[in-house]
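Peer 1: Following is a predicted model, sequence given first.
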Amino acid sequence: MTENILLENLQAVFNTLESGVLIESADRTILSVNKKFIEIFSIPGKPEDLAGYNCLGAAQVAKGLFKDPEQFVLDVIEIPEVGKERLDVIESTDGRHFKRKYHPILKDGVITCHIWYYEQITSLMHKEVELINQRNFYHTILNELPADIAIFSADHKYLYLNRTAIKNDELRAWMIGKDDYEYCAFRERDMAVADERRAYFTRAKETGASVPWIDESVKPDGTKDYVLRIFYPYFGDNKKLKFVIGYGINITEQKEQQIAVSEEKERFKTLMQTLNDGVFQISFDGDIMFYNNAFLKAMNLDDYVMPVKYQSDIMKHVHPDDKSELYYSFDQLRIRKQPQKGIFRIIDADGNVAQYIDYYIWHRHTDKDGNIVAGRLSNVTERVQKEQQMVSLIEREKELNNMKSNFIHITSHELRTPLSVIMSSAEILEMYESMGSDAVAIDKKKFTTGIVKEVKRITDILNELLIVGRIENNKVKYEPKHVDVRNYIGEIAHEQFMPHTDGRNVEIEIDEDVKTIFIDSSLMRHAVVNILSNAFKYSANRPAPQLYIFRKEENIHIQITDHGIGIPETELDNLFHSFYRASNVGNISGTGIGLMVVQHAIKTHSGNIAIESSLGRGSVFSIIIPDVQTDTNDGK
């Protein structure tokens, strides 16, 4: 009873096994099968129904279940005859896969029974096939890639190489488990190659980052071969290095193109540096992309270190009046994308114009650099100076022509009147003398005085013209010295203006603190006499002019005020031009050269002249010269 219970328990356990099990006796009679065996092969009946059947006969019946039925029967016959454990995989006709294991039971070296295990592994086989296919797929891809692919162990041993890396199958298989030192020794290559690769490998391993470098070698034909190589370390979840991927791609063509481009850039740069014109490129964002030495020279920046970004001090030598125009041109270029051109001035350390620069800027756009301002600078100083000289010569020629015309007009007019008076007076005197005792008594002194007066008038005109000539030829002497101001002014006043020919007397006022003035008495006399003469001439029948001398700050002021016809405000700037006369002088005589002499005399004294005038109310002429306290003599 107990034995039966034990057998039942064993049968129950036997039936719970996940593998199908068949047990046969030494004479090939089926002793037992479990429930799983019945299920996986879809055998009708219960497990105990198979007991007592001949195993070989059962194999003949069941062989139709398998993809290779004859092999199945043969295995059932031969495997037990060998009497050794065996593990294999068989496939059924419906596509299922079974792991089959044969295990003999021995007693005293003699087989007492045979046990067959059948485990369904269809899903595992499918995954394995999928993995194999995937592996073959990736192997195909890796082998077809135009790049060297290698996988290394953490100690720098080759785990994998694709066909591009090593084309020879035998050599590629030999390389697995080897390192670069073994490879170099085998191929008789320089060990420095292995040293270099080991250094890059170690760096990638230690930094945990990819390490690129370019492998350069010389081919048998003498040309160079360039391969870009990268070591990429791969770490597991535990931060421990699992393997390193090595990648290499031949970049010879790209490198040769890069070298060609670099050489072309160098040739272009050399060419640009030999140009006399300055050239530059700057991005719209202010990045300075290119400039040559001529650009630095044009901008007067020979010792300047150019920044990466535009800075305002690049324009530090541009004339202040030209900067706004330059900035405006750049703004217009950015907005309208249309070329801009013009000329700006460069100044030296003293603020003087050193050179004239002609500029032309235009817009460029590239996918790489975006919007760019390209420009050309040309030094046109010589051209501009010649143009200025030409303009000056033309203006001078015009001025001379005007002077000649004015001279002819004024002198003919101004000389005609006194000559007419002289001629008429002389004719009257001659007539009087020819009449003898029959002549009516006349005032001969009146006529002789008139002749003398008109001769003096002609002499004054000629003297002014002579002075103008000396001024034009820079032959006027300047011999300044300290003179007593009251004696000097008193002498001038009493000679001509106390009284004037019209009977009026100039009113003179000199401040007490003004004792002496440092002047060339002859030159200053021309200035004072001319202005006073005009003050009387243009203020007839009005209050007499005033002369006031005073010190202000560090200057001496000689101020002459009249109450005459005044000067139009728009004509004040022209008063000192040769032969110029205001439009409101009417028939009042004059040559228009006196104030030119005045201006020259004042400038020679390092002074200046100021004019305030109101039409119909009069004018104020102020001669302002330095108050020199120590005698100097700058005369030449």
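Peer 2: Yep, it's here. Residues are numbered from 1 along each chain as shown.

Peer 1: And residue 488, which helix or strand is it part of?
Peer 2: Using DSSP states H and E, residue 488 sits in helix 485-496.

Peer 1: quick one: buried residues of that helix?
Peer 2: Buried residues in helix 485-496, counted by 16 or more other Cβ atoms under 10 Å: 485, 488-489, 492-493. The way it works is simple: take the backbone N, C-alpha and C, and place the C-beta from them, glycine included.

Peer 1: before we move on, what about stretch 554-564?
Peer 2: 556-564.

Peer 1: Also stretch 135-145?
Peer 2: residue 142.

Peer 1: for the record, mean pLDDT for it?
Peer 2: Taken as a whole, stretch 135-145 has a mean pLDDT of 75.

Peer 1: now swap in stretch 246-264 and tell me
Peer 2: Stretch 246-264 comes out at a mean pLDDT of 88.

Peer 1: any idea how far residue 617 lies from residue 564?
Peer 2: As judged by Cβ to Cβ, to the nearest Å, residue 617 and residue 564 stand 9 Å apart.

Peer 1: hmm, back to that, which of the buried residues of stretch 554-564 fall in strands?
Peer 2: With strands taken from DSSP state E, the overlap with the buried residues of stretch 554-564 comprises 556-561.

Peer 1: Dump these to JSON lines, plus pLDDT and distance to residue 128.
Peer 2: Output for these, formatted as JSON lines (pLDDT from 0 to 100; distance: Cβ to Cβ, whole Å):
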{"residue": "556", "pLDDT": "93", "distance to residue 128": "119"}
{"residue": "557", "pLDDT": "95", "distance to residue 128": "117"}
{"residue": "558", "pLDDT": "94", "distance to residue 128": "121"}
{"residue": "559", "pLDDT": "95", "distance to residue 128": "120"}
{"residue": "560", "pLDDT": "94", "distance to residue 128": "123"}
{"residue": "561", "pLDDT": "94", "distance to residue 128": "123"}
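
Peer 1: circling back: how about the helix or strand just after the helix holding residue 488: buried residues?
Peer 2: Per DSSP H and E, the first helix or strand lying C-terminal to helix 485-496 is strand 507-510. Across strand 507-510, burial judged by 16+ other Cβ under 10 Å covers 508, 510.

Peer 1: Strands along the stretch 101-250 of the chain, start to end?
Peer 2: All strands of the stretch 101-250 of the chain, identified by DSSP state E, counting those that start in this stretch, fall at 110-120, 147-152, 158-161, 211-218, 224-235, 241-250.

Peer 1: which one of the ones you listed lies closest to residue 393?
Peer 2: Checking the strands of the stretch 101-250 of the chain against residue 393 by Cβ to Cβ gives strand 224-235 as the closest, at 66.3 Å.

Peer 1: Residues contacting that closest one, please?
Peer 2: 148, 200-201, 203-205, 208-219, 241-252, 254-255 (Cβ atoms under 8 Å, 6 or more residues apart in numbering).

Peer 1: mind giving me the domain split of this structure?
Peer 2: As assigned by automatic domain parsing, the chain contains the domains 2-126, 145-256, 275-379, 385-467, 476-626.

Peer 1: OK, contacts around residue 44?
Peer 2: So residue 44 contacts nothing (Cβ under 8 Å, 6+ apart).

Peer 1: ok, it to residue 15 distance?
Peer 2: Taking Cβ to Cβ, one finds residue 44 at 17 Å from residue 15.

Peer 1: Ok, residue 600 next?
Peer 2: Residue 600 is 139 Å from residue 15, by Cβ to Cβ.

Peer 1: just residue 67 next, same as before
Peer 2: For residue 67 relative to residue 15 (Cβ to Cβ), the value is 28 Å.

Peer 1: what's the closest non-adjacent residue to residue 247?
Peer 2: Closest residue to residue 247 apart from its sequence neighbours, by Cβ to Cβ, 6 or more residues apart in numbering: residue 230 at 4.5 Å.

Peer 1: Much appreciated, bye for now.
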